[in-house]
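Enquirer: this one's sequence-less:
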């Protein structure tokens, strides 16, 4: 299996003069040229000339011993629903094509402060509404491990860019599993942080009580490196927690004798047989290393998926009301204000987005509100309380996806089949807690992931366990091809 | 008229959401809406038995999102805005204008 140096190793080697960041930039562009026409991971790419200029500046700084940032010389891809003032930000929608925001998201500012280079903006399901990255106005992204299959979504472009070596690190976003499902399908690592740990300022909103910008990478240590750069309090985001920058990069691999994993029945069954077997194999392996496994139950888990989608649809209906054909690029061409708005939304939104807005309006409307939205928020409280109770004393284990990466088009004919892909991941978004997905095995060339769910601000513990698992599997840094 | 119980509901929703739908979209979306609504309704069955309050903000136990600050007062005379036919013209903050 092909492997690349981990990003943190590269950054260290650039600093120590062992590797040349200019040469590395050319290698990444070579991978992009080789794969991109088939994979479609990027919606827009930064000009190579600009990047060469920037990397030469970094290279000079290293040579003369100037202080450089933690991410100097590394190429980071950014999901196209995260605002950048130097590249268009479309959210995968015709509605925002072409739109270049007048400001950078806080996370982008923090990347640039650490001398990272943004290589491009990655493809996604329109407004992050999907689980396969097939629902983008800019065409589907394909999975580098099998080009007939999807990379998961909605951060499929970010995951695919990592999986073929077209970036060193990536920023995704995760509303109900959008960073973690792609991680499971592309042999990468996705970490959904605690709600409020990473600023959402500059994230084009979909379900704002659920979503977090999420670090993605080819190894657990790399995800920690990126989290430490982007995390911490931001006065520009009212939901940002007043906490210091996280320090997860330096945590050590977990001592198995000090780890307790809760095996929740409802999150450990229902997947395809090969996934279930791989899941139990890694748990048994951990147990043999000294990890304590504890059985738990979460009866309300069966209602988590409909509760999640009800809340997400309701928030989407509200958030996407701003696209009225006036402030953003797509115009309706109507003769009255009403007609202008209706036509702009007809032209600008894709089918799935329209459906979610309609369902959200339905769930919030007089007469149905109690039955749908209020009911879902009550279920959310029970889920949150149960998850907090469990994670006080253990890390929850869960399957990452009920299926292997599906073939393109396979899940699109039935909305419920599409939504069911998120059955294990939505729990962490409803509860606001961190969750990490990493690869544990391959089956017929396709990766299988596992999910670890932690306590609020317990990212360090997840990284620590992830490092232990990575040592057992030996899958850090793998790439397709 | 398509065969879908949600047809009239969908027309109303589209009007509320200010989205014009093509005939083709009406048919396929109506079926999806019907299926999805049935699926989401399963939450209400269990929630009737739950004696808990709704949860809107996940860290509600840690207090409010942000303490409200002192109300700010703005001297209207200091603003460089022009009034035209009852509308205020504000500075453009981004994107290319198709027309001035």
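Expert: That came in fine, so what should we check first? Quick caveat: nothing in here was measured; it's all calculated off a predicted structure.

Enquirer: point out where chain B drops to low pLDDT.
Expert: Applying pLDDT under 70 to chain B flags the ranges B:1-2, B:63-100.

Enquirer: 90 instead?
Expert: B:1-7, B:22-28, B:45-50, B:60-100 (pLDDT under 90).

Enquirer: same question, the stretch 351-481 of chain A
Expert: Looking at the stretch 351-481 of chain A by pLDDT under 90, you get A:366-367, A:413.

Enquirer: now do the helices in it.
Expert: Ranges of helices within the stretch 351-481 of chain A are A:351-364, A:375-391, A:415-420, A:426-431, A:459-473, based on DSSP state H, counting those that start in this stretch.

Enquirer: quick one: check the third one for contact with chain B.
Expert: Yes. In this structure, helix A:415-420 sits against chain B according to C-beta under 8 Å from any C-beta of the partner chain; the contacting residues are A:415, A:416, A:419. All C-beta spots, glycine's among them, are computed from the backbone N, C-alpha and C.

Enquirer: got those residues as CSV, with distance to residue A:454 columns?
Expert: Shown next, in CSV, are the residues of helix A:415-420 next to chain B (distance: C-beta to C-beta, whole Å):
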residue, distance to residue A:454
A:415, 31
A:416, 29
A:419, 25
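
Enquirer: buried residues in the host helix or strand of residue A:8, which are they?
Expert: If you go by DSSP states H and E, residue A:8 is part of helix A:7-15. Neighbour-count burial for helix A:7-15, counted by 16 or more other C-beta atoms under 10 Å in any protein chain shown, picks out A:7, A:8, A:9, A:10, A:11, A:13, A:14.

Enquirer: run through who's touching it.
Expert: Applying C-beta atoms under 8 Å, 6 or more residues apart in numbering or on different chains, the contact partners of helix A:7-15 are A:5, A:19-21, A:24, A:58, A:62, A:68, A:70-74, A:168-169, A:217-219, A:221-222, A:225-226, A:249.

Enquirer: in terms of secondary structure, what does the helix or strand containing residue B:29 contact?
Expert: Counting by DSSP H and E, the element that carries residue B:29 is helix B:23-47. Counting contacts by 3 or more C-beta pairs under 8 Å, 6 or more residues apart in numbering or on different chains; DSSP states H and E, helix B:23-47 is packed against helix A:304-319, helix A:351-364, helix A:375-391, helix A:415-420, helix B:7-17.

Enquirer: closest residue of the stretch 1-150 of chain A to chain B?
Expert: Residue of the stretch 1-150 of chain A nearest chain B, by C-beta to the nearest C-beta: residue A:102 (3.6 Å).

Enquirer: mind checking the SS state of that residue?
Expert: Counting by DSSP: H, G, I helix; E, B strand; the rest coil, the backbone at residue A:102 sits in coil.

Enquirer: how many residues are close by it?
Expert: Neighbour count for residue A:102, taken as other C-beta atoms under 10 Å in any protein chain shown: 10.

Enquirer: surely it and residue A:84 touch.
Expert: No. Using C-beta atoms under 8 Å, residue A:102 makes no contact with residue A:84, being 10.7 Å away.

Enquirer: now do the lengthiest helix in chain A against helix A:7-15, angle only.
Expert: For chain A, the helix that runs over the most residues, judged by DSSP state H, is helix A:21-39. Here helix A:21-39 runs at an angle of 150 degrees relative to helix A:7-15 (axes from the mean of the first three to the mean of the last three C-alpha atoms, to 10 degrees).

Enquirer: quick one: contacts of helix A:21-39?
Expert: A:10, A:14, A:41-42, A:45, A:48, A:51-52, A:55-56, A:58-59, A:62, A:72-73, A:75, A:117, A:119, A:141-142, A:144, A:147, A:160, A:164-168, A:481.

Enquirer: buried set for it?
Expert: Applying 16+ other C-beta under 10 Å to helix A:21-39 flags A:21, A:24, A:25, A:28, A:29, A:31, A:32, A:35, A:36, A:39 as buried.

Enquirer: got it, and stretch A:137-157?
Expert: Quick answer for stretch A:137-157 (16+ other C-beta under 10 Å): A:137-138, A:140-146, A:149-157.

Enquirer: can you give me the end-to-end distance of it?
Expert: 13 Å (C-alpha to C-alpha, to the nearest Å).

Enquirer: name the element the nearest residue to residue A:134 once chain neighbours are set aside belongs to?
Expert: Computed as C-beta to C-beta, 6 or more residues apart in numbering or on different chains, the closest residue to residue A:134 that is not its neighbour in sequence is residue A:140, at 4.2 Å. Here residue A:140 is covered by no helix or strand, with elements defined by DSSP H and E.

Enquirer: against residue A:147, how distant is residue A:140?
Expert: Distance, residue A:140 to residue A:147, by C-beta to C-beta, to the nearest Å: 11 Å.

Enquirer: ditto for residue A:244
Expert: Counting by C-beta to C-beta, the gap from residue A:244 to residue A:147 is 43 Å.

Enquirer: three-state assignment of the closest residue to residue A:390 other than its chain neighbours?
Expert: Nearest residue to residue A:390, sequence neighbours excluded (C-beta to C-beta, 6+ apart): residue A:262, at 5.3 Å. Under three-state DSSP, the three-state class of residue A:262 is strand.

Enquirer: which pLDDT value belongs to the residue of the stretch 1-150 of chain A closest to chain B?
Expert: Per-residue pLDDT puts residue A:102 at 89.

Enquirer: quick one on the thing from earlier: mark which of the contacts of helix A:21-39 are buried, thanks.
Expert: Of those, these count as buried by 16+ other C-beta under 10 Å: A:10, A:14, A:41-42, A:45, A:51, A:55, A:58-59, A:62, A:72-73, A:75, A:117, A:119, A:141-142, A:144, A:160, A:164-168.

Enquirer: out of these, which are inside helices?
Expert: Per DSSP H, the buried ones among the contacts of helix A:21-39 map to helices at A:10, A:14, A:51, A:55, A:58, A:59, A:62, A:160.

Enquirer: closest one of those residues to residue A:466?
Expert: residue A:10 (19.4 Å; C-beta to C-beta).

Enquirer: how near is the nearest residue to residue A:82 once chain neighbours are set aside to residue A:173?
Expert: Excluding the flanking residues, the one nearest residue A:82 by C-beta to C-beta, 6+ apart is residue A:105, at 4.9 Å. Using C-beta to C-beta, residue A:105 is found at 10 Å from residue A:173.

Enquirer: quick check: neighbours shared by these two?
Expert: A:82, A:203, A:213.

Enquirer: looking at those, which has the most residues close by?
Expert: The shared contacts of residue A:105 and residue A:173, ranked by neighbours (other C-beta under 10 Å): first place residue A:213, 29 neighbours.

Enquirer: is it in a helix, a strand, or coil?
Expert: Applying three-state DSSP: residue A:213 is strand.

Enquirer: touching, it and residue A:199? I think so.
Expert: Yes. Residue A:213 lies in contact with residue A:199 (C-beta under 8 Å); the separation is 7.5 Å.

Enquirer: give me the common contacts of these two.
Expert: A:105, A:107, A:230.

Enquirer: now those in CSV, please, with extra columns for pLDDT.
Expert: Shown next, in CSV, are these (pLDDT from 0 to 100):
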residue, pLDDT
A:105, 97
A:107, 98
A:230, 98
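
Enquirer: restricted to helices, list those.
Expert: If you go by DSSP H, the shared contacts of residue A:213 and residue A:199 have A:107, A:230 in helices.

Enquirer: buried subset of the shared contacts of residue A:213 and residue A:199?
Expert: Here, 16+ other C-beta under 10 Å leaves A:105, A:107, A:230 buried among those.

Enquirer: residue contacts, the first one?
Expert: Read that as residue A:105. Residue A:105 neighbours (C-beta under 8 Å, 6+ apart): A:82, A:83, A:84, A:199, A:201, A:202, A:203, A:213.

Enquirer: with secondary structure and pLDDT added, can I get those in CSV?
Expert: Below are those laid out as CSV (DSSP: H, G, I helix; E, B strand; the rest coil; pLDDT from 0 to 100):
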residue, secondary structure, pLDDT
A:82, strand, 98
A:83, coil, 97
A:84, coil, 96
A:199, coil, 97
A:201, coil, 96
A:202, coil, 97
A:203, strand, 98
A:213, strand, 98
